[in-house]
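[1] only geometry, no sequence info:
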């Protein structure tokens, strides 16, 4: 058996998922939306067992998990509603003109799911970016079937969540293989899934190394397929001098809070803070130091993540010019992520690419700059980011348009006077960014636009009305927005 | 110099294109649209020299070239209009709610060009898919700068077309390096362009071999970039029995016309025709034979294409079970593409993957099937296609929904009782399809949606109105469609 021969169990799994896809793709947007609301109902109906299991598997506190559960159900509902109320998969109709030379045909474009989608869940969001998380919800919304590979960090949580989707499938009479959650043996099983010729797209949330490995496998297939990997980011925060002078303590307090939220285990954690080397800087640093030193030491998601945190942090602290400003004493160093802040000059930062690498956890590096030119050089040195934040007084903002543009060039979301750790689930959210923040900067993994990753357009030319998919029929039976001869309308033809 | 070191001239070219991009990305959609209309004006103003040069370089007739010139200008105009009138790059605004817990931020999403785009032109459309063709127009519409690599088949035509874009740039005061047409030394220069770290996307129209080579280079870069390659397709046409009985001669005439149009040099040329082995089949074949035998022998685009046609055709005719039905005597075999029709049974076709390969030129293979099951097996055997066509009586169509679905599974555009060679430039057009028809089935290379390939979303969170890009400002100064809190509207906030 050569390395491209599918493992029999995996082959069987994918073939069943493909059969389910061929049935499910006959469902119209309204039917898919109805199913998705049922999944949300089932998630909401899950009892205290879910939270207790997730707590024991991830060390995340109850309040956070309850919030994440609500967010997860909301994702299913809002993506479902976007299918029917918004213009997410934009139907276009151009009617015929038999009098033109040559005669103009009737052409109508809709979207279909790409096929079987494989989803790799994240460790840090056991609900919202895992089994029944955003990738699964958006692939189902697009009309795909999903094979979910459970994260080894929370296998029992994954089983409970999979049960919610399975009950919704049962109650709606959809094919049972529309969704399958499996725990394959580490990387190997995952690679075989990605290599299978019937798999048509991959969703992934995790490390650059992991995401890139899947991307390489997928792009080297005889038929390449897209991998939507949301990977690493240091989420730079840039502070301008007048804001520093006006609010040194306030900014320090907010930064400490954002950096240590959830033991720093967010992909939008602000790992690099770029501050002016000004008179007010000591005030900022002193406040930050006090805040960080008081931050409670807390266990990370699992021991592997904690071990990586300590190792990566130590590597970074060992670089020339890096000095520790504050470090929470680690009471249980093997499993806790003790918040740490270090400083480095912009000059040293510019000379050492290692310093712009992500340390996943509550670690912040303060990069101090001496001039606007140095600041711009630092922002230009950064790799692609999920977010970039500017902290400035209103007058400073107006005078720094070039800086705003430079931050937008590097990221998927730019923030003004805020912190990036909250990722709102809404239509306007962009959660993704230039590589290596994500493998494809043209898509988001949060918000209804995430659906677009898993759908492809199909045009129907000169088909009779009764044979067309519902969304293309003259009468517009689904009542959705459509672009008819260039004009957006909900009216029928 | 290792293979990844940029050639100095190419490095300089890309850096200049990047500088132009950074200026051009400040233009809003209306300003980009104005520029695009100027390009269309300049194309329309080109005199008889353009047509004469293209005729001498491509052997295409004057009427066809005049039509293609008008189509090329129309592409610029319709993509420009889509930027401002349609919802092509869909702006979304979700306003804040400070009373919510946690407070809901104000988030607004727009699109920016991905950066420098490299376009490789096609040989078979010297205007519409070349220098000033659809890939260039859609990349400019998205806000990108473009480096165009001229096709060796029509270098002088390319220079004249480049002049039109250059004059539009001059007259509008945009940076002169917004567009550059170059004739690099074959493949090597092109590969270096695709490898350059400041190049962010690639457009390509041509062979599977050429497109895949660029795709592999692009996906193996340290920062992978997308390659939108529109490649090969045999564009299967499926004929059902009742339609055959009702219109054998009409269908044969239409097929002959579509197959030989432009010496078969269209990516939508219907190279495989799947027909029932019925009583009426001889009527169809006899008419087709008569039509093909009368088809005028005509020169192909250049001698290389003609040589490939003769070689690929000979390879295919040498396969077991393939029989020649009609062949135009080749008067000048080295440069002409003499129309040829061969037949093969579905059984032989199913046993030999070679038979589903594209022969670029006026070659048609009639695959005859004995049963609906055999027909379905043949369609399922096909690779991804740009188009798939069903010829059927209305009652047959209604009874063959599964077949329609199977054809849609394989292609980007499905046609009913027509032929695929005309590709309408309109919003509802899908020109692309599952691999190997294209490298990414989720995008089209014809119609305003082609713009989406070259734009990426950026969200702005909590920015003051005056700093936001025009399309995100409260007052909606561009007057475009926007989704505000989930509702499509042109109203301001």
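    Alright, I've got the coordinates. No experiment lies behind these values; they were computed from the predicted model shown.
[2] ramachandran angles for residue A:200?
    Main-chain torsions, residue A:200, degrees, to the nearest 10: phi -120, psi -10.
[3] and what of the one 3 residues further on?
    Torsion angles at residue A:203 (phi, psi; degrees, to the nearest 10) stand at phi -110, psi 140.
[4] how far off centre is stretch A:479-487?
    Computed by Cα atoms, centre = their mean, to the nearest Å, the chain-centroid distance of stretch A:479-487 equals 30 Å.
[5] please disregard the earlier target; I meant stretch A:169-182.
    In terms of Cα atoms, centre = their mean, the centre of stretch A:169-182 is found 24 Å from the chain centre.
[6] in that stretch, which residues are buried?
    For stretch A:169-182, a neighbour-count test (16 or more other Cβ atoms under 10 Å in any protein chain shown) marks A:169, A:174, A:175, A:177, A:178, A:179, A:180, A:181, A:182 as buried. Quick note: C-beta positions are derived from backbone N, CA and C, even for glycine.
[7] who's in contact with residue A:489?
    Going by Cβ atoms under 8 Å, 6 or more residues apart in numbering or on different chains, residue A:489 touches A:481, A:482, A:483.
[8] tell me the pLDDT at the closest residue to the first one other than its chain neighbours?
    To tie it back to what came earlier, the one meant is residue A:481. Spatial nearest neighbour of residue A:481, chain neighbours left out: residue A:87 (4.6 Å); criterion: Cβ to Cβ, 6 or more residues apart in numbering or on different chains. According to the prediction, residue A:87 has pLDDT 82.
[9] ok, residue A:87 touching residue B:88?
    No - taking contacts as Cβ atoms under 8 Å, residue A:87 lies outside contact range of residue B:88: 11.0 Å.
[10] between those two, who's got more neighbours?
    Using other Cβ atoms under 10 Å in any protein chain shown as the criterion, residue A:87 and residue B:88 rank with residue B:88 on top: 27 against 19.
[11] what mean pLDDT does the one helix or strand residue A:217 maps to have?
    Residue A:217 belongs to helix A:208-219 when assigned by DSSP states H and E. Average pLDDT, helix A:208-219: 96.
[12] need the next SSE after that helix, C-terminal direction.
    strand A:227-230.
[13] and that next one with chain B, contact?
    No - using Cβ under 8 Å from any Cβ of the partner chain, strand A:227-230 never reaches chain B; the gap is at least 9.7 Å.
[14] residues in contact with that strand?
    In this structure, residues lying in contact with strand A:227-230 by Cβ under 8 Å, 6+ apart are A:135, A:194, A:201-206, A:210-212, A:214-215, A:218-219, A:267, A:386, A:431-432, A:437-440, A:443, A:445, A:453.
[15] what's the average pLDDT for that strand?
    Mean per-residue pLDDT for strand A:227-230: 97.
[16] quick one, strands of the stretch 201-350 of chain A?
    A:227-230, A:237-239, A:272-276, A:298-299, A:323-327, A:336-337, A:340-345 (DSSP state E, counting those that start in this stretch).
[17] nearest to residue A:464, of the ones you listed?
    Nearest to residue A:464 among the strands of the stretch 201-350 of chain A is strand A:227-230 (36.6 Å), distances taken as Cβ to Cβ.
[18] buried residues, the longest helix along chain A. List them.
    Longest helix of chain A, by residue count under DSSP state H: helix A:62-85. Neighbour-count burial for helix A:62-85 flags A:65, A:68-69, A:71-73, A:75-85 (criterion: 16+ other Cβ under 10 Å).
[19] which ones among those residues also lie next to chain B?
    Filtering the buried residues of helix A:62-85 for neighbours of chain B using Cβ under 8 Å from any Cβ leaves A:81, A:82, A:85.
[20] any idea which of those is closest to chain B?
    Closest approach to chain B among those (Cβ to the nearest Cβ): residue A:85, at 6.4 Å.
[21] just checking, that closest one touches residue B:486?
    Yes - counting by Cβ under 8 Å, residue B:486 is a contact partner of residue A:85 at 6.4 Å.
[22] centroid-wise, who is the farthest residue in chain A?
    residue A:99 (49.3 Å; Cα atoms, centre = their mean).
[23] got the residues of the stretch 301-450 of chain A near chain B?
    With Cβ under 8 Å from any Cβ as the criterion, the stretch 301-450 of chain A meets chain B at residues A:384, A:394, A:397-398, A:401, A:404-405, A:408, A:411-418, A:422, A:424, A:426-430, A:432, A:434-436, A:439-442, A:444, A:449.
[24] how about 7 Å then?
    A:394, A:397-398, A:404, A:408, A:412-418, A:422, A:424, A:426-430, A:435, A:439-442, A:444 (Cβ under 7 Å from any Cβ of the partner chain).
[25] so which bits of stretch A:332-350 are buried?
    Buried-residue list, stretch A:332-350, by 16+ other Cβ under 10 Å: A:335-350.
[26] closest one of the residues you listed to chain B?
    Nearest to chain B among those is residue A:350, at 17.8 Å by Cβ to the nearest Cβ.
[27] so who does the closest one touch?
    Residues near residue A:350 by Cβ atoms under 7 Å, 6 or more residues apart in numbering or on different chains: A:377, A:378, A:381.
[28] out of those, which sit inside helices?
    A:377, A:378, A:381.
[29] what's the closest of these to residue A:23?
    Distance to residue A:23 across these (Cβ to Cβ) is lowest for residue A:381, with 50.9 Å.
[30] the closest one: how many residues sit nearby?
    Around residue A:381 there are 16 other residues, counting by other Cβ under 10 Å.
[31] please apply the same query to residue A:59.
    20.
[32] could you do residue A:470 as well?
    Neighbours of residue A:470 using other Cβ under 10 Å come to 16.
[33] returning to that earlier point: narrow the residues of the stretch 301-450 of chain A next to chain B to those in strands?
    Those of those mapping onto strands are A:412, A:413, A:414, A:415, A:416, per DSSP state E.
[34] ok, and the most crowded of these?
    Taking other Cβ under 10 Å to define a neighbour, the member of these with the most is residue A:413, carrying 32 neighbours.
[35] what ranges in the stretch 151-300 of chain A fall below the confidence cut-off?
    Scanning the stretch 151-300 of chain A for pLDDT under 70 picks out A:184-188.
[36] interface residues of it facing chain B?
    When proximity is defined by Cβ under 7 Å from any Cβ, the stretch 151-300 of chain A lies next to chain B at A:215, A:219, A:223, A:224, A:226.
[37] can I assume the fourth one is in contact with residue A:218?
    In other words, residue A:224. Yes - with contact defined as Cβ atoms under 7 Å, residue A:224 reaches residue A:218; the gap is 6.4 Å.
[38] more crowded one of those two?
    Set side by side, residue A:224 and residue A:218 show more neighbours around residue A:218, with 24 against 20, by other Cβ under 10 Å.
[39] that one against residue A:202, yeah?
    Yes - with contact defined as Cβ under 7 Å, residue A:218 counts as touching residue A:202 (5.9 Å).
[40] which residues are in contact with both of the two?
    Contact criterion Cβ under 7 Å, 6+ apart; residues shared by residue A:218 and residue A:202: A:194, A:225, A:227.
[41] now do the contacts for the second one.
    When contacts are counted by Cβ under 7 Å, 6+ apart, residue A:225 touches A:199, A:200, A:201, A:202, A:218.
[42] excluding its backbone neighbours, what's nearest residue A:72?
    residue A:127 (4.3 Å).
[43] ok, now residue A:254?
    residue A:419 (5.9 Å).
[44] burial check on that neighbour, number of neighbours?
    For residue A:419, the count of nearby residues is 21 (other Cβ under 10 Å).
[45] now do the one 5 residues further on
    Look at residue A:424: counted by other Cβ under 10 Å, it has 20 neighbours.
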